[in-house]
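K.L.:
turn this into a structure:
(2 chains)
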There are 2 protein chains.
Amino acid sequence: MVKINENFLTMKKNYLFIDIAKRVKAFSEANPDKPLIRMGIGDVTLPLAPVVVEAIKKGADEMGVRETFKGYEDSGTGYDFLKQAVADYYGSFGVSLSLSEIRINDGAKADCGNITDIFGDDNTILVTDPAYPVYVDSNVMCGRRIIYADSNEENGFAAMPDESVHADIIYLCSPNNPTGSVYTKAQLEEWVSYAIKNEAVIIFDSAYEAFISDPALPRSIYCAEGAKKCAIEMCSLSKTAGFTGTRCGYTVIPEELTVKASDGSEVSLAALWGRRQGSKFNGVSYPIQCGAAAVFTPEGQKQTRQAIDYYRRNAKVMTDTLTELGIKFTGGINSPYVWLKCPQGMDSWEFFDFLLEKIQVVGTPGEGFGKNGAGWFRLTAFGTYENTVEAMNRLKKLFS
Amino acid sequence: MVKINENFLTMKKNYLFIDIAKRVKAFSEANPDKPLIRMGIGDVTLPLAPVVVEAIKKGADEMGVRETFKGYEDSGTGYDFLKQAVADYYGSFGVSLSLSEIRINDGAKADCGNITDIFGDDNTILVTDPAYPVYVDSNVMCGRRIIYADSNEENGFAAMPDESVHADIIYLCSPNNPTGSVYTKAQLEEWVSYAIKNEAVIIFDSAYEAFISDPALPRSIYCAEGAKKCAIEMCSLSKTAGFTGTRCGYTVIPEELTVKASDGSEVSLAALWGRRQGSKFNGVSYPIQCGAAAVFTPEGQKQTRQAIDYYRRNAKVMTDTLTELGIKFTGGINSPYVWLKCPQGMDSWEFFDFLLEKIQVVGTPGEGFGKNGAGWFRLTAFGTYENTVEAMNRLKKLFS
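P.N.:
The predicted structure is shown next:
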């Protein structure tokens, strides 16, 4: 008789966004005259940059002509023209990568979830809490032991390593989803040094790096000394260039990142991942890779930066409002997320209902991201400017 | 210390296509004046149909306008417009599917490899031999027990179940890669009945169904009575519409397909897979889904059928030649693959070298697909008509 993977039965049901949808639906049906302002889901609202659209169309045209048609990619890891664009982009903030260290994917989520395949089940997984649910869920699916590092008010929601705790695989995200905190270079180096001491691997999620405006803050874990010895980095164009529905990203696995197998041999993680992807992935659509490459052209950078600046302006409106109201928060400066402490001692869900009923603003209860999210709340800057201003005006009225 | 997944170390190194590439390169360097005709890799050569190109471009344009921009897909399982198109397509050969049974993916390979995630490691996996290497490799990666059903000359390279053998998960592919054999409805029903008796699940790869021209042959496993109780079907537009570099396909998991968990509960495989994909996949690029939907329009069907007919004509040239030469083969009729017995008692690699050196035709040695491929050889009909004719003329000269 076929046996299912029973680890799925132990998974926490992901009620968060279902619960949100239910409550929102109930409210909307009862109050059809009160339109909502949605600041909950981390999706973007601005369209693709014109150069990106043109590049996708040009790629599609090439697919329609026999001489320029592209079938299977030789490597399945991305075309060199896009890898070179990514390498140059990393170069712009001081990180040197060879093309063979870069693998193009259909967004960070797949690689972030699938990377578990190359590791054994007998690893201890360290996840900062609160966190993007994929880190935990993808490891629960393999029945792995997960421990947590607390991100909380005391450490500015930027968890640091505890030298008394051992971990084998460490998930970090900076700028952080959901808390908006950003690690400094020194903090990343502390994590790198902890990982090297523990012979651990760091999975670094840099999906929000484009929101970093402070040049002193690291845009990549490879800005930290020694990181190429212990870290895999995953990034996406979802937030950098509004690719949430277009789907393209990249994973970096340094050539020098090796792990000792039980037979004593040094195994390259890039080779293992290549073997994994060789059997379970066939590359990203050619027109989409064309669109992705356009993001990194001078005109593409100009156009996509305009969108980032638009969201930054939203974040500024939000953080100014919270500051004015005396509500504590992290993020919103080098991050599209504003993570705020629920006022008047409300818990996450009380505050959710309160905002929904009083001012029709939808956010995300922090406890959906882990226990340290209790009493906290996430708002995103990805909405329209008009809605963001309106939501903040309503918030001001509500609390002043 | 981080532990790798040691199952990777036990994987057979995939030397086949590397070896082929090496031998081809050595020959080409030694004989720069002798251009090769490549009939080895299963990639297509005709460009995307014009309606598909236009649909991708229209989708890209929509992404560039705020009002029609698409971010994350709500479900991540595909837009209803595409699911409906797939459902209607299945309806055209008598299979009724609800939209919730269809999941859009970026080609069959990913789902085919990733489906292992929802099953336990203590299943016995049955693979027909020879076979597409992903079935074996994706299960070796999880350390599962694999047994084989022989496809050989005696059974027309269409393995049938052995009632004395127990299996929990069964991989079938029809029309078959590499042998080109096609199961009849009665044969599929025998497999379905075996699966139900064993409480097993069939993973059915129908990637080449568009090549079936005989209306009596089943285009889907769901043409077989009872299959919805035991089978998952995976298909792709790679061969149907030349999407090898465009990347879109679909997986069907029937609503009634449930498995008993160890706690006695009936678990829906569609729900398990939904949970898996919810954590590790974020849907297919919107413009690509637009292009995929265009395949199923009347004009799209007309245009893509023209390409299929073009490849069918190639296959006819090939099978006519083999028949004339008295070389045994399977496939080539309802399949783009021609699977031939190496003449004069040559083994697969001898025949590979012989064709390369004598007539500069590159094929694939059958033993690369499993032990029953020894002494057999795969040629594909995906080349140009001119090259196919030329290759067959050279073959005729060589053997007559």
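
K.L.:
for the residue in the stretch 151-300 of chain A that chain B sits nearest to, report the pLDDT, please.
P.N.:
Distance from chain B to each residue of the stretch 151-300 of chain A (C-beta to the nearest C-beta) is smallest for residue A:280, at 3.1 Å. Placement of C-beta: from N, CA and C, glycine included. As predicted, residue A:280 sits at a pLDDT of 95.

K.L.:
swap in the one 4 residues further on?
P.N.:
Looking at residue A:284, its pLDDT reads 98.

K.L.:
touching, it and residue A:107? I think so.
P.N.:
No - judged on C-beta atoms under 8 Å, residue A:284 makes no contact with residue A:107 at a distance of 9.2 Å.

K.L.:
poorly predicted segments of chain A, please.
P.N.:
A:13-15 (pLDDT under 70).

K.L.:
okay, which residue is most central for chain A?
P.N.:
Residue closest to the average C-alpha location in chain A (C-alpha atoms, centre = their mean): residue A:207, at 4.0 Å.

K.L.:
distance of that one from residue A:242?
P.N.:
Per C-beta to C-beta, to the nearest Å, residue A:207 is found 13 Å from residue A:242.

K.L.:
that older thread, ok, the residue nearest to the centre of chain A to residue A:237 distance?
P.N.:
Distance from residue A:207 to residue A:237, by C-beta to C-beta: 9 Å.

K.L.:
pull up the overlap in contacts between those two.
P.N.:
Common contacts of residue A:207 and residue A:237 (C-beta atoms under 8 Å, 6 or more residues apart in numbering or on different chains): residue A:249.

K.L.:
in the top helix by length along chain A, what counts as buried?
P.N.:
Ranked by residue count, the top helix of chain A under DSSP state H comes out as helix A:298-325. Residues of helix A:298-325 classed as buried: A:300-301, A:303-304, A:307-308, A:310-312, A:314-315, A:317-319, A:321-322, A:325 (neighbour count, 16 or more other C-beta atoms under 10 Å in any protein chain shown).

K.L.:
residue contacts, the residue nearest to residue A:137 when sequence neighbours are not counted?
P.N.:
Distances taken as C-beta to C-beta, 6 or more residues apart in numbering or on different chains put residue B:279 closest to residue A:137, at 4.2 Å, once the chain neighbours are dropped. Contact analysis of residue B:279 by C-beta under 8 Å, 6+ apart lists A:113, A:133, A:134, A:137, A:138, A:141.

K.L.:
is it true that the fourth one touches residue A:7?
P.N.:
No - Residue A:137 sits out of contact with residue A:7 when judged by C-beta under 8 Å, with a separation of 10.2 Å.

K.L.:
where do the contact lists of these two overlap?
P.N.:
Common neighbours of residue A:137 and residue A:7 (C-beta under 8 Å, 6+ apart) do not exist.

K.L.:
is chain B within reach of the longest helix of chain A?
P.N.:
No - under the criterion of C-beta under 8 Å from any C-beta of the partner chain, chain B is not reached by helix A:298-325; the shortest gap measures 10.6 Å.

K.L.:
chain center to that helix, what's the gap?
P.N.:
18 Å (C-alpha atoms, centre = their mean, to the nearest Å).

K.L.:
quick one: the residue of the stretch 151-300 of chain A closest to chain B from residue A:261, how far?
P.N.:
From residue A:280 to residue A:261 the distance is 21 Å (C-beta to C-beta).

K.L.:
so the two - more neighbours on which side?
P.N.:
Of the pair residue A:280 and residue A:261, residue A:280 is the one with more neighbours under other C-beta atoms under 10 Å in any protein chain shown, namely 23 against 17.

K.L.:
correct me if wrong: the more buried one contacts residue B:113.
P.N.:
Yes - proximity of residue A:280 to residue B:113 meets the contact threshold set by C-beta under 8 Å, at 3.1 Å.

K.L.:
who touches both of the two?
P.N.:
B:134, B:138.

K.L.:
thinking again about what came up before, any residues touching the helix or strand following the longest helix of chain A, and which ones?
P.N.:
Counting by DSSP states H and E, the element after helix A:298-325 in chain order, helix or strand, is strand A:329-331. For strand A:329-331, the external contacting residues (C-beta under 8 Å, 6+ apart) are A:156-157, A:175-176, A:179-181, A:315, A:319, A:322, A:337-341.

K.L.:
likewise stretch A:384-394?
P.N.:
Taking C-beta under 8 Å, 6+ apart as the rule, stretch A:384-394 contacts A:37, A:39, A:45, A:310, A:313-314, A:317-318, A:320-321, A:358-361, A:381, A:383.

K.L.:
report the two of these separated the most.
P.N.:
Greatest spatial distance in those: A:310 and A:358, 27.4 Å, computed using C-beta to C-beta.

K.L.:
circling back: double-check that the residue nearest to the centre of chain A belongs to a strand.
P.N.:
No - according to DSSP: H, G, I helix; E, B strand; the rest coil, residue A:207 belongs to no strand; its state is coil.
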